[in-house]
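Enquirer: Dropping the sequence and predicted coords here.
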Amino acid sequence: ERGIPFSVSMRHAFVPFPGGLILAADYSQLELRILAHLSCDCLLIQALNGGTDVFKSIAAEWKRIDPNAVGDRARQQAKQICYGIIYGIGAKSLGEQMGIDENEAANYIESFKSRYTGLD
């Protein structure tokens, strides 16, 4: 019948054994935390352990500005570069994602890696 909402959740496809339970977890910035651990980059580890907005802290360190001066655009750029580096993004793809040309994206990647030296 029309008007009756219908939805299917994949969670209902998994049923624990009697007496058991299914645990779901959402780890905040898991990939970034693994990158920090594996790279031993002190600045990245410090940003993750700082108790503040991780990507604002990273953007402030990367651009060498006060964290309070980091706007939404700089925060988003830092986030895109972090996850791009984790997944091996190149300058061309990063440029397309960020709406900048390839050379500028290459400069962003290089300047980011020069600030977070453990990532290279």
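Expert: Thanks, I have it. Numbering: from 1, shown residues only.
Enquirer: Tell me, how many residues neighbour the nearest residue to Ile109 once chain neighbours are set aside?
Expert: The shortest distance from Ile109 to any non-neighbouring residue, by CB to CB, 6 or more residues apart in numbering, is to Ala91 (6.1 Å). Just so you know, the C-beta spots here come from the backbone N, C-alpha and C atoms, and that holds for glycine as well. For Ala91, the neighbour count with other CB atoms under 10 Å is 19.
Enquirer: Also the one 5 residues further on?
Expert: Burial of Glu96, expressed as a neighbour count using other CB under 10 Å, amounts to 13.
Enquirer: show me what contacts it?
Expert: Counting by CB atoms under 8 Å, 6 or more residues apart in numbering, Glu96 touches no other residue.
Enquirer: any idea how far it is from Gln29?
Expert: Separation of Glu96 from Gln29 (CB to CB, to the nearest Å) stands at 24 Å.
Enquirer: Next: Ala74.
Expert: 17 Å.
Enquirer: can you check Leu38 too?
Expert: 14 Å.
Enquirer: More neighbours: the two, which one.
Expert: Gln29 (16 against 10).
Enquirer: and that one, what are its phi and psi?
Expert: phi 50, psi 40 (degrees, to the nearest 10).
Enquirer: any idea of the pLDDT on it?
Expert: If you check Gln29, the pLDDT there is 86.
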